[in-house]
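> Got a sequence here, can you build the structure:
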Amino acid sequence: MDTEAAWLSASQLTEAVAAGRLDPEEVVSAHLERIRRLDPEIHAYVHVDEGAWAGQGPLAGVTLAVKDTQPVRGMPWTEGSPRWRQRTAAEDAVVVARARAAGMAVLGKTNTPELAAAVGTTNPLFPPTHNPWRHGFTPGGSSGGSGAAVAAGLCTIAFGDDMGGSIRIPASCCGVAGLRPTPHRVPKEAPDPIGIAVRGPLARTVTDLRLAFGLMADEAVPAGRSPRRLRIAVVEDTELGVEEGCRQALRRAADALADAGHELLPATWAPIPVLEAYRVVRPASVSTVPGETQEYGPAVRGLIEAGRRLSAAQYLRAMAAGMAAAQPVRDLLATCDAILTPTLGRLPMPIEEVPPFLEDAWCAYTQFALPVSFARCPAVSVPAGLEGGLPVGVQLIGRPDHEWALLDLAAQLEACPGFGFRRPPACS
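Take a look at the predicted model:
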């Protein structure tokens, strides 16, 4: 029973606990045992609370892993950086406090690249996180530890954050569901001058994304509905090219949505102007970190230095250019109900082949994620099967502040044959 308890969804857990069929502590113990057994190979966690316990509340029995960019009272809060090696959080993030109040057990902190500035999950402090589907391959990033923990059955739900795709990338790589909400829907403790970074959940089912998003946003979770006939724009390719496995996943999803009765319309996608703007905006986002650049790891020193060399005018021009370049995404959503794209332009690759941050190969990898961020729209990555034994995801994009309708559509796709979460064979 311990192994099966670890794989239960949050909705299954809460139902079983409410009916008296399951002790919440049994789930916590099952996940802690799995972490002890499996995580020495995966390295999803950078800190585990062996004394974690289930609280009192409607989500008692549901366990939570929190990305190490978000504070959890009494736990390390390193952001993967030597600068913060000794830092311990004095207070919970707002979303963590909400989770505790609902009865969730906080198991620990998950791995992230330094300052979340990479699309893999390596940093100077901890071993790299591996994809639960294939050791030595990336889980994506920057919420790679969270994605791996969910996929390996090392927690029920994980929190991540997403500026340029950092929830959707690991969701796709690890074969789980991940939601990037509309900016402002989920609170943060510190102001975000860039305005495109958001917190969001990763889970094994879209139903659990709904539950977690409602918790994070402090909103009542409406009952799911089967979407009416929708107009869905479909983006299959761009000038940067798309790896065939990602394109095939997109075609399977398009066929499934057409069979469900939706109207599909071909659409174009122009990522390069947005990617060029981000090459300025992202260094600016870390330019105000405290201390000297030498206090940080080599991967981010240059990023910080580049940001500190920028003028206000350069930053403002880049931000305006990025928003303007992403406007076609919003224009599509003025005439369509949703947009379907591959989540990524490439399948998961060996850790040492992860594209360097902001370089050309990174552009091809993140080409479908970043324009959504600048358009300030919600998006969800849905598991779309396997290619070469590795997970692949597709992305559904919705109108700003229409998360519930977007999640209804994602749930409909998830229920189609060939979609949805599968357990990695090595993590039974």
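> what are the ranges of the helices in the stretch 251-400 of the chain?
272-286, 298-309, 312-335, 360-366, 370-375 (DSSP state H, counting those that start in this stretch).
> among these, which is the most enclosed?
Mean neighbour count (mean count of other C-beta atoms under 10 Å) peaks for helix 370-375 among the helices of the stretch 251-400 of the chain, with a mean of 26. All C-beta spots, glycine's among them, are computed from the backbone N, C-alpha and C.
> Outside of that helix itself, which residues are in contact with it?
162-165, 180, 196, 269, 271, 274-275, 277-278, 322-323, 325-327, 329-330, 379, 395, 397 (C-beta atoms under 8 Å, 6 or more residues apart in numbering).
> what separates the residue nearest the centre of the chain from Ala379, distance-wise?
With distances taken as C-alpha atoms, centre = their mean, the residue of the chain nearest its centroid is Ile167 (1.5 Å). Distance, Ile167 to Ala379, by C-beta to C-beta, to the nearest Å: 9 Å.
> Domain-wise, how is this protein divided?
2-217, 231-382 (automatic domain parsing).
> which residues in the stretch 51-200 of the chain form helices?
With DSSP H, counting those that start in this stretch as the criterion, the stretch 51-200 of the chain has helices spanning 94-101, 144-151, 168-174.
> Make JSON lines from those and add mean pLDDT to it.
JSON lines is the format used below for these (pLDDT from 0 to 100):
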{"stretch": "helix 94-101", "mean pLDDT": "98"}
{"stretch": "helix 144-151", "mean pLDDT": "98"}
{"stretch": "helix 168-174", "mean pLDDT": "98"}
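> So for Ala18, which of those sits nearest?
Proximity to Ala18 (C-beta to C-beta) singles out helix 94-101 among those, at 17.5 Å.
> In contact with Gln395, which residues?
With C-beta under 8 Å, 6+ apart, Gln395 has these contacts: 168, 172, 340-343, 368-369, 372, 379-382.
> Now with 7 Å, please.
168, 341-343, 368, 379, 381 (C-beta atoms under 7 Å, 6 or more residues apart in numbering).
> And for it, nearest residue in space, chain neighbours not counted?
Among residues not flanking Gln395 along the chain, Thr343 sits closest, at 4.3 Å (C-beta to C-beta, 6 or more residues apart in numbering).
> you'd agree that neighbour is up against Pro383?
No - counting by C-beta atoms under 7 Å, Thr343 stays clear of Pro383, with 9.6 Å between them.
> okay, and the common contacts of the two?
Common neighbours of Thr343 and Pro383 (C-beta under 7 Å, 6+ apart) are Gly393.
> gap between the residue nearest to the centre of the chain and Gly147?
Counting by C-beta to C-beta, the separation of Ile167 from Gly147 is 8 Å.
> ok, now how distant is the closest residue to Ala270 other than its chain neighbours from Arg279?
Counting by C-beta to C-beta, 6+ apart, Ala270 lies nearest to Pro328, which is 6.7 Å off, once chain neighbours are set aside. Distance of Pro328 to Arg279, given as C-beta to C-beta: 19 Å.
> One more: Ala212?
For Ala212 relative to Arg279 (C-beta to C-beta), the value is 32 Å.
> sorry, back to before: how about the domains of the chain, which one is nearest Pro417?
domain 231-382 (7.8 Å).
> Now do that closest one: distance to the chain's middle.
13 Å (C-alpha atoms, centre = their mean, to the nearest Å).
> picking up where we left off before, got a pLDDT number for the residue nearest to Ala270?
Predicted confidence (pLDDT) at Pro328: the value is 97.
> same question, Asp2
65.
> repeat for Phe213
98.
> and if you look at the one 5 residues further on?
Per-residue pLDDT puts Asp218 at 98.
> measure stretch 235-247 end to end?
Stretch 235-247 has its terminal residues 10 Å apart, counting by C-alpha to C-alpha, to the nearest Å.
> Quick one: mean pLDDT for it?
97.
> what's the overlap in contacts for Ile167 and Ala379?
Arg180.
> Would you map the strands across the stretch 101-250 of the chain?
Per DSSP state E, counting those that start in this stretch, the stretch 101-250 of the chain carries strands over the ranges 105-110, 157-162, 177-180, 198-203, 231-234.
> Wait, Gly307 touches Ser287, no?
Yes - applying C-beta under 7 Å, one finds Gly307 in contact with Ser287, separated by 3.0 Å.
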